[in-house]
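Undergrad: Task: produce atomic coordinates for the following.
(one chain, ligands or ions: 2)
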Amino acid sequence: LSTTGNPAVAWAAGKPLSVEEVEVAPPKAQEVRVKIVASGICRTDDHVLGGYFPNIEFPVIPGHEGAGIVESVGEGVTSVKPGDKVIPLCLPQCGECCFCLNPDSNYCINFSESQNLMPDKTSRFTCKGKQIHHFLWTSTFAEYTVMPEYAVAKIDAAAPLDKVCLLGCGFPTGYGAAINTAKVKPGSTCAVFGLGGVGLSVVMGCKAAGASRIIAIDINKDKFAKAKELGATDCVNPKDFTKPIHEVLMEMTGLGVDYSFEAIGHKDTLTAALASCKVSTGSVLGGWKTRDSIPKLVSSYLEKKLNPDLLITHTLPIAEVNKGFELLRAGKSIRSVLLF
Ligand code: NAD
Ligand code: ZN
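TA: Ligands and ions are numbered 1, 2, ... in the order given. Below is the predicted model:
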């Protein structure tokens, strides 16, 4: 049976949300209908409202950081049942695609920021006779919402839903960036650009990983008290300086930071975050400790384990050095070797 709820609907980009009566169709096969109890507001939802995602169609019910209780399930659903506490997953886990089967990736192939309709290309939401779009299959600004079974995770029945809703996006995003993606090491120095829900979760992740210095950067100094409470050792406001912020960080650290996180979403702060890293960050000469490793590579070559010979396309006397460069620029050589 359909049910009704009063979700916050975005009718058009740049317009405020309006709370409407919306009919929510029952879950189809392999789908779950959830009664949302609480939902956080993430800046990504604001990007939706601003119309920054070209693929997202309006009207749409945003929200992707929610927690609720399963109300009903469609045919074939086995992992959850009515009454279970759940968190809708804006990044699903189908468990079957190449990325789900890869232990180094969580980027389920079913993830897409244009998940505006259910997998069968229809919507479960209607309002005033109009179809309303889903968002990321979560649409947690709705009292009732429908999602595929693989986009919902059953959680502990003791969990307070008004708190653990944050585990749907902001907290795992930031905390995991530090401990899973960057694998911050004990004693290291970290910079965190942007101290919203995501950036402050990065600060917590860096602290949990044992970073000895965590530099928190924001143009809003009101964020600094909380950053310090959560583990930041230094707080920097770029507005207090005339020079670029990466130069400030270089001076503070001598050589730059070991790990840099950008949790704002601007091109210029991404560049600044990169420029704040130690020059050794990134891949230089393949990451080998050269004096130890180059002789070993030569031995492997002699044992025929490696074959860089295939890269040598030309052998030239030193007198023809300029010809070597002509071949390179013309795209005719891979490697020219000069002989003396
Ligand atoms: P937020 O708006 O709460 O926090 C952003 C912070 O950045 C604010 O404190 C703001 O004052 C600060 N800031 C803005 N411009 C700055 C500048 N030039 N220099 C320094 N600080 C500046 O946002 P949030 O909810 O924490 O999300 C942060 C970003 O992460 C958003 O772009 C969001 O869309 C994105 N996000 C990504 C994922 C993911 O999985 N990749 C998940 C959630 C959110
Ligand atoms: Zn989010």
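
Undergrad: all contacts plus neighbour counts: C-alpha atoms, from now on.
TA: Will do.

Undergrad: Can you give me the distance of residue 87 to residue 24?
TA: Using CA to CA, to the nearest Å, residue 87 is found at 19 Å from residue 24.

Undergrad: So between those two, which is more surrounded?
TA: Taking other CA atoms under 10 Å, residue 87 and residue 24 do not tie; residue 87 has more neighbours (29 against 23).

Undergrad: Hmm, residue 165 and the more buried one touching each other?
TA: Yes - using CA atoms under 8 Å, residue 87 is in contact with residue 165, at 6.9 Å.

Undergrad: Quickly list what's touching both of the two.
TA: Counting by CA atoms under 8 Å, 6 or more residues apart in numbering, the common neighbours of residue 87 and residue 165 are 66, 67.

Undergrad: if you skip the residues just before and after it, what's nearest to the residue most central in space within the chain?
TA: With the centre of the chain defined as its mean C-alpha position, the nearest residue by CA atoms, centre = their mean is residue 173, 6.1 Å away. Counting by CA to CA, 6 or more residues apart in numbering, residue 173 lies nearest to residue 198, which is 6.4 Å off, once chain neighbours are set aside.

Undergrad: Show me what the helix or strand where that neighbour lies is packed against.
TA: Here residue 198, judged by DSSP states H and E, is contained in helix 197-208. Counting contacts by 3 or more CA pairs under 8 Å, 6 or more residues apart in numbering; DSSP states H and E, helix 197-208 packs against helix 170-176, strand 189-193, strand 213-217, helix 224-230, strand 259-262.

Undergrad: so how far is stretch 149-169 from its chain's centroid?
TA: Its chain's C-alpha centre and that of stretch 149-169 lie 19 Å apart, by CA atoms, centre = their mean, to the nearest Å.

Undergrad: Give the buried residues for that stretch.
TA: By neighbour count on 16 or more other CA atoms under 10 Å, the buried set for stretch 149-169 is 149-155, 161, 164-169.

Undergrad: Let me see the mean pLDDT of stretch 108-119.
TA: Mean pLDDT, stretch 108-119: 88.

Undergrad: again, but for stretch 256-271
TA: What stretch 256-271 shows for mean pLDDT is 97.

Undergrad: Okay, now that stretch: how far is its last residue from its first?
TA: Per CA to CA, stretch 256-271 runs 14 Å from first to last residue.

Undergrad: Pull the distance from stretch 6-18 to the chain's centre.
TA: 25 Å.

Undergrad: What average pLDDT does it get?
TA: Averaging pLDDT along stretch 6-18 gives 94.

Undergrad: Quick check: nearest residue in space to residue 246, chain neighbours excluded?
TA: Distances taken as CA to CA, 6+ apart place residue 276 nearest to residue 246, at 4.8 Å, with adjacent residues excluded.

Undergrad: Quick one: residues contacting the closest residue to ligand 2 within the stretch 101-250 of the chain.
TA: Nearest to ligand 2, among the residues of the stretch 101-250 of the chain, is residue 169, at 4.7 Å (CA to the ion). Taking CA under 8 Å, 6+ apart, we find residue 169 in contact with 42, 64, 65, 90.

Undergrad: Of those residues - the most surrounded one?
TA: Counting by other CA under 10 Å, top hit in these: residue 64 with 29 neighbours.

Undergrad: and stretch 298-317, how far out from the chain's middle?
TA: Worked out by CA atoms, centre = their mean, stretch 298-317 lies 41 Å from the chain centre.

Undergrad: Same question for stretch 17-30.
TA: Between the centre of stretch 17-30 and the centre of its chain there are 28 Å (CA atoms, centre = their mean).

Undergrad: list the buried ones in it?
TA: Buried, per 16+ other CA under 10 Å, within stretch 17-30: 17, 21, 22, 23, 24, 25, 26, 27, 28.

Undergrad: got CSV for those, with distance to residue 5 too?
TA: As requested, the buried residues of stretch 17-30 are exported to CSV (distance: CA to CA, whole Å):
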residue, distance to residue 5
17, 15
21, 6
22, 5
23, 7
24, 7
25, 11
26, 13
27, 15
28, 18
